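>>> Pasting a predicted model and its sequence here:
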Amino acid sequence: MRVDKFLNAVNIAKSRKIAGDMCDSNVVYINDTLAKSSKNIAVGSHIKIVYLDYTKVYEILTLPTTRSTNKKEQHLFVKELASS
């Protein structure tokens, strides 16, 4: 699954366009490597997002099979490892 689709599907980004813009702005890293929006992700990978004031790191637990998921189910797909 593409990283932009994943970020949108698990409600980390509000839309796929925003997720793509985040990748284009060089704030999304997969396993400490800068990620393009078309980068494929796998279970067990770590996604780091560098916001202006803080950084969040997520571990991918499973990939969603649907286009979008309920915000309450986010914990089934990602686990937040660090926030600073």
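Perfect, I can see it now.
>>> Look up the pLDDT of Ser68 for me, please.
Note for Ser68: predicted pLDDT of 84.
>>> sorry, that was for Lys5
Confidence for Lys5, expressed as pLDDT, is 94.
>>> same check, this time on Ala42
Looking at Ala42, its pLDDT reads 94.
>>> dump the residue contacts of it.
Ile60 (C-beta atoms under 8 Å, 6 or more residues apart in numbering). Glycine gets a C-beta too; all of them are placed from N, C-alpha and C.
>>> On the three-state scheme, it is what?
coil (DSSP: H, G, I helix; E, B strand; the rest coil).
>>> the bottom helix or strand of this protein by mean pLDDT?
Sorting the helices and strands of the chain by mean pLDDT, DSSP states H and E puts strand 78-83 at the bottom, at a mean of 88.
>>> Tell me how far that one lies from the chain's centre.
Strand 78-83 sits 11 Å away from the centroid of its parent chain (C-alpha atoms, centre = their mean, to the nearest Å).
>>> what does stretch 47-66 give?
On C-alpha atoms, centre = their mean, the centre of stretch 47-66 falls 4 Å from the chain's centre.
>>> List of residues touching it?
1, 3, 6-7, 9-10, 12, 22, 27-30, 32, 35, 41-46, 76-84.
>>> mind listing what's buried in the longest helix anywhere in the chain?
Under DSSP state H, the helix in the chain containing the largest number of residues is helix 16-24. Within helix 16-24, the residues scored as buried using 16 or more other C-beta atoms under 10 Å are 16, 19-20, 22-23.
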